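Peer 1: Sequence below, structure please.
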Amino acid sequence: MRIKLKKDEAKGTIFQGNRSLKLVLPCSKSKTADSFLGKEYLAYKLYEKVTEYTFDTRLVNVEFTNLDDKKAEPVLLLGILIEDDDEVAKRFDGEILNKKIPPNIMEDFATVRHDLFQMMIGNTDWSGLYQHNQKAMVIGEKTIIPLAYDFDMTGLVNPPYAQVNSAVGIEKITDRMYRGFCRNPEIFQSIRKEFLEKEATIFQTIEDTKMYFSESDAKSVRAFIKEFYDILKSDKLFQQKVVDSCRKPDGTYSF
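Peer 2: Below is the predicted model of the structure:
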């Protein structure tokens, strides 16, 4: 859903400068719906710890009234407001590219950072080439940066409706797979080091946001992220699951 505000309505409010916003809502009003959305919000917060190139987000409580219901009882749901693409580009003096971008021409370090994050949260529901759940932003004359969004179909969130594309090569949403293209091994090792140095920050972010999902979900999230760090801490596993499993320029996988 998209929310558009008039300039006069936004002036002097927290929405000033953000008059076109995406609104993410649960797909049901079940007791667990807000918990799934809370975990998706966590994914956005985790991404902020990994890179500066992110969409700003904000949690909101949204009250709905069903006008077709004679009782017209309001329903309160948790929502996520997401910054508009052009506003992100404006913050970096950049521009959103609305065309296919071969992923291998994107900036190396920013792209591996993005790709490893997607592996961390267990996300295969994205494509750099087709800009599916990803935008491409150009900064300066030719620096192209990936912008990730839409993290519900991930192992981190693990919603009941999640499905895995059979062409990807994994059986369930909680299976991890590195979907990035192959880069210089030194770049892989550099970004690996960044993630390892941020381990405490990553787990603290989970603690800072756990009030938005259940305690059982918090436990599952910690365990899921720990599995990722177990890969990073093992030279053998990192080589096998990341460096040796990256995609070749023709789109096929190294394995």
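Peer 1: Which residues does the worst-scoring helix or strand of the chain on mean pLDDT contact?
Peer 2: Lowest mean confidence among the helices and strands of the chain (mean pLDDT, DSSP states H and E): helix 7-10, at a mean of 86. With contact meaning CB atoms under 8 Å, 6 or more residues apart in numbering, helix 7-10 is reached by 15-19. In short, each C-beta sits where N, CA and C put it, glycine included.
Peer 1: before we move on, what about stretch 163-178?
Peer 2: 115-116, 119, 122, 124-125, 153-155, 158, 162, 179, 224, 227-228, 231, 241-242, 245-246, 253.
Peer 1: Just to be sure, which of those residues are found in helices?
Peer 2: 115-116, 119, 224, 227-228, 231, 241 (DSSP state H).
Peer 1: follow-up on the earlier one: which entries within the contacts of stretch 163-178 meet the buried criterion?
Peer 2: 115-116, 119, 122, 124-125, 153-155, 158, 162, 179, 224, 228, 231, 241-242, 245-246 (16 or more other CB atoms under 10 Å).
Peer 1: nearest to Glu215, of the ones in helices among the contacts of stretch 163-178?
Peer 2: Closest to Glu215 out of these is Phe224 (14.9 Å), distances taken as CB to CB.
Peer 1: Let me know the pLDDT of the closest one.
Peer 2: On the pLDDT scale, Phe224 is placed at 98.
Peer 1: residues contacting the nearest residue to Glu199 once chain neighbours are set aside?
Peer 2: Nearest non-adjacent residue to Glu199, counting by CB to CB, 6 or more residues apart in numbering: Tyr229, 5.8 Å away. Counting by CB under 8 Å, 6+ apart, Tyr229 touches 195-196, 199.
Peer 1: Out of those residues, who's the most crowded?
Peer 2: Among the contacts of Tyr229, Phe195 has the most neighbours (other CB atoms under 10 Å), with 19 neighbours.
Peer 1: isn't it right next to Met120, touching?
Peer 2: Yes - with contact defined as CB atoms under 8 Å, Phe195 and Met120 form a contacting pair (7.4 Å).
Peer 1: Now Lys49. Nearest residue, chain neighbours left out?
Peer 2: Thr201 (5.2 Å).
Peer 1: Show me the contact partners of the strand or helix carrying that neighbour.
Peer 2: For Thr201, the element it lies in under DSSP states H and E is helix 199-209. Here helix 199-209 makes contact (CB under 8 Å, 6+ apart) with 38, 41-42, 45-46, 49, 195, 218, 221-222, 225, 229.
Peer 1: So for it, mean pLDDT?
Peer 2: 98.
Peer 1: Buried ones in that helix, by neighbour count?
Peer 2: Applying 16+ other CB under 10 Å to helix 199-209 flags 202-203, 205-206, 209 as buried.
Peer 1: still on that earlier bit, how far away is the residue nearest to Glu199 from Ile96?
Peer 2: 33 Å (CB to CB, to the nearest Å).
Peer 1: Same check on Lys4?
Peer 2: Relative to Ile96, and taking CB to CB, Lys4 is found at 18 Å.
Peer 1: okay, these two: which has more neighbours?
Peer 2: Between Lys4 and Ile96, counted using other CB under 10 Å, the more crowded position is Ile96 (16 against 10).
Peer 1: State the three-state secondary structure for the more buried one.
Peer 2: Using DSSP: H, G, I helix; E, B strand; the rest coil, the secondary structure recorded for Ile96 is strand.
Peer 1: I'd assumed Asp84 was in contact with it.
Peer 2: No - if you go by CB under 8 Å, Ile96 and Asp84 don't touch, sitting 9.6 Å apart.
Peer 1: residue furthest from the geometric center of the protein?
Peer 2: Of all residues in the chain, Lys70 has its C-alpha farthest from the mean position, at 39.2 Å, by CA atoms, centre = their mean.
Peer 1: Would you mind giving me the confidence score for it?
Peer 2: Reported pLDDT at Lys70 in the predicted model: 76.
Peer 1: go on, Gly251?
Peer 2: pLDDT, Gly251: 54.
Peer 1: Just the C-alpha atoms of stretch 54-63, please, in CSV.
Peer 2: The C-alpha coordinates for stretch 54-63 follow below in CSV (Å, rounded to 0.1, in the frame of the first residue of the first chain):
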residue,chain,number,x,y,z
THR,A,54,19.2,1.5,3.2
PHE,A,55,15.6,2.6,3.2
ASP,A,56,14.6,4.5,6.3
THR,A,57,11.8,2.7,8.1
ARG,A,58,9.4,3.4,11.0
LEU,A,59,7.0,1.3,12.9
VAL,A,60,3.4,2.5,13.2
ASN,A,61,0.1,1.3,14.7
VAL,A,62,-2.6,1.4,12.1
GLU,A,63,-6.3,1.3,13.1
